[in-house]
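**Q** what's the 3D shape of this:
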Amino acid sequence: MIRNATRNTILAKQYSIKKGFGKLRGLLGKNEAEPLVFETRWGIHTFFLKFPIDLLILDNKGRVKLAKTVRQNRIAVWNPILKTVVELPAGTLLRTGTKLGDSIVL
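**A** Numbers count the residues shown, from 1 in each chain. Purely as a prediction, here's the structure:
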């Protein structure tokens with residue numbers, strides 16, 4: 001479960017943790033977004049995705065440092081000291097009211 005402890009909302013009841021090749025593939029080839037969690041310091045892209053996604057970047061204490069919707073064929077980058085990435089179906093951030101500084105529990 002991915003939970004916003006600050007707002008006491010559920011962002012996802014289930015999620016996948018991606019490592020290695022699975023992290024590289026991510027949501028490519030999927031027909032709809034599903035919650036993913038992985039670590040990277042270099043940013044992400046949405047080239048070849050069929051849908052937009054909501055993106056959370058967390059610090060080492062689980063606080064949201066970046067929260068935004070990323071449309072298809074875009075690149076998102078952030079400070080490389082941050083490495084925890086949460087990808088969610090578009091609309092999740094709006095539905096749950098998740099904002100910068102919120103505490104996320106995985």
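
**Q** Which residue, other than its chain neighbours, is closest to residue 98?
**A** Excluding the flanking residues, the one nearest residue 98 by CB to CB, 6 or more residues apart in numbering is residue 4, at 5.2 Å. All C-beta spots, glycine's among them, are computed from the backbone N, C-alpha and C.

**Q** Can you show me the strands along this structure?
**A** 2-4, 9-12, 16-17, 36-39, 44-45, 53-58, 64-70, 75-76, 84-89, 104-105 (DSSP state E).

**Q** among the ones you listed, which is nearest residue 95?
**A** Among the strands of the chain, strand 9-12 comes nearest to residue 95, with 8.1 Å by CB to CB.

**Q** That closest one packs against which elements?
**A** Secondary-structure packing of strand 9-12 (3 or more CB pairs under 8 Å, 6 or more residues apart in numbering; DSSP states H and E): strand 2-4, strand 84-89, helix 92-96.

**Q** Return the most buried member of the ones you listed.
**A** Per residue and on average, the most neighbours among those fall to strand 84-89, with a mean of 22 (mean count of other CB atoms under 10 Å).

**Q** which non-adjacent residue is nearest residue 85?
**A** Computed as CB to CB, 6+ apart, the closest residue to residue 85 that is not its neighbour in sequence is residue 38, at 5.4 Å.

**Q** ok, that neighbour touching residue 58?
**A** No. Counting by CB atoms under 8 Å, residue 58 is not a contact partner of residue 38; they are 11.5 Å apart.

**Q** Overlap in contacts, these two.
**A** Shared contacts of residue 38 and residue 58, defined by CB atoms under 8 Å, 6 or more residues apart in numbering, are found at residue 85.

**Q** for this structure, where's the lowest mean pLDDT among helices and strands?
**A** helix 20-25 (a mean of 65; mean pLDDT, DSSP states H and E).

**Q** Low-confidence stretches in the chain?
**A** Within the chain, the stretches with pLDDT under 70 are 21-25.

**Q** rerun that using 90 as the cut-off
**A** Scanning the chain for pLDDT under 90 picks out the ranges 16-33, 41-42.

**Q** Which one, of the strands of the chain, ends up nearest to residue 28?
**A** Nearest of the strands of the chain (CB to CB): strand 44-45, 9.8 Å.
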